[in-house]
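> Sequence plus predicted model, see below.
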Amino acid sequence: MERKRIVHRLDTPYSMVEWPVISQQDQNVILELLCNLLAPIGLHRRAFLTPSKGKRKRKQQPKDESEPPKPPAPEISDYVDVGLAHISRHLQEMAATGGSQNKGNGSSSAPNESPEALPQTVEEQGKEESDDSTKRAAAKIKPPSSPYSVIFVARSGQSPAFHCHFPQMVAMASKSQPREKAVRLVGFSKSCEDKLTEALGIPRVSSIALREDAPALRVKGLVDYVREHVAPIEVAWLEEASSGKYRETNIEAVPTKIGQARVKR
C-alpha cells in the first residue's frame, strides 16, 4: 500500500498573461501587409544611407557641395518605432499617462478648492496667464507622443525573456483607451526576421510598433485587419483587483506519494 501525505500549497494570484491566439493564416496576411507598409523605408535606407561598418571615423570627410541633397525619408517612418527597448519605454509612458488620467477623472474637488472660491489679484491673474502661454508654447514645441495601435513581435528564434513582458505592458497601456482602439499585440510564431529586415533595410529586427496617428491611407488596411482578427489583451487578476471584492485565501490540499526510505549502508 502506497503511503501518502497531505501537502498544502498556495497559488499566486498574478497568473501569467497569455499572448493573443492568432491563426497561421492570419499571421501570414498580417506579415504581408506589414512588409508592404515598411517597404518604402527600406528602399530609402538602401538608396540614400550608407550602412555602418561598425568602426569610428578617424577623419571627418568634407561635404561635396555639388552633390544633390538627399530626399527626406518616407512619411510613414515618423510613425514606426523599432526596437524592444524603445517600444517598452513608450508603453511604460502610456501606462503612466493612463493611470494619471483615470486618477484625475475619478477624483472630485472639494468646494473650497474650486477656482471660484479663491479670489485672485490682478498680479496673480497676470502671472497665471503668463504661465499658461508658456505651457502652450512648450506644448507646440514638443507635442505629446501618440499611443500605439499595433505592436508586432518576432517571437521565433529568440529567448522568451526578451518579449515575455509585452502582454502585461500592452494590457496596462490600453487601460486609458476604448476597447475597440486598445493596443493590439501580434506575435509571429514562425521565423519572419528575414522579411522584416529586408523591408526595413536594417540588420536585425525583433519588434515593431505602429502609432495611432499614422496616415489612414497607408495603415488603414493593416490596422483594420489586425483589430478584426486579434483580440485585446485581458488580465484576469487585474480586473479582480480593480473590482474591490474580497476574496478568501485559497489553500489547496494536495495528496502526494511518499517515497521509500533509503537503506543505510
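Thanks, I have the structure now.

> and Lys257, how far is that from Val263?
Applying CB to CB, to the nearest Å, the value for Lys257 to Val263 is 19 Å. Every residue, glycine included, has its C-beta placed from N, CA and C.

> which SS state does Thr249 fall under?
For Thr249, the secondary-structure state derived from DSSP: H, G, I helix; E, B strand; the rest coil is coil.

> So which of Lys257 and Val263 has more stuff around it?
Lys257 (8 against 5; other CB atoms under 10 Å).

> doesn't Arg3 make contact with the more buried one?
Yes. Contact status for Lys257 versus Arg3: in contact at 7.2 Å, counting by CB atoms under 8 Å.

> separation between Val183 and Val205?
Going from Val183 to Val205 by CB to CB gives 19 Å.

> So which of the two has more stuff around it?
Shown here are Val183 and Val205; by other CB under 10 Å, Val183 has more neighbours (24 against 20).

> Could you check the pLDDT of the more buried one?
pLDDT recorded at Val183 is 94.

> likewise Gln168?
91.

> With Val7 instead?
Reading off the model, Val7 has pLDDT 85.

> any idea where the helices of the stretch 51-200 of the chain begin and end?
Ranges of helices within the stretch 51-200 of the chain are 84-106, 122-141, 166-173, 193-200, based on DSSP state H, counting those that start in this stretch.

> just flag whichever of those has the lowest average confidence.
Here the lowest mean pLDDT among the helices of the stretch 51-200 of the chain goes to helix 122-141, at a mean of 47.

> you'd agree Ile6 is in a strand?
Yes. Counting by three-state DSSP, Ile6 falls inside a strand.

> so what's it bridging to?
Beta bridges link Ile6 to Pro255, judged by DSSP bridges.

> roughly how far apart are it and Pro167?
35 Å.

> higher neighbour count, the two?
Pro167 (20 against 8).

> which residues of the chain score low on pLDDT?
Applying pLDDT under 70 to the chain flags the ranges 1, 12-14, 51-67, 98-144, 265.

> Mind checking which residue lies nearest the centre of it?
Centroid-nearest residue in the chain, with CA atoms, centre = their mean: Leu91, separated by 4.2 Å.

> Hmm, that one is touching Ala173, no?
Yes. Leu91 is within contact range of Ala173, at 4.7 Å (criterion: CB under 8 Å).

> Could you name every residue contacting both of the two?
Tyr148, Val183 (CB atoms under 8 Å, 6 or more residues apart in numbering).

> Now tell me what touches the longest helix along the chain from outside.
If you go by DSSP state H, the chain has its longest helix at helix 24-48. The contact list for helix 24-48, computed with CB under 8 Å, 6+ apart, reads 22, 70-71, 73-74, 76-77, 80, 152, 186, 188-190, 192, 195-196, 198-202, 208, 218-219, 221-222, 225-226, 229-230.

> can you do 6 Å?
Helix 24-48 is contacted from outside by 70, 73-74, 77, 186, 188, 192, 195, 199-201, 222, 229, using CB atoms under 6 Å, 6 or more residues apart in numbering.
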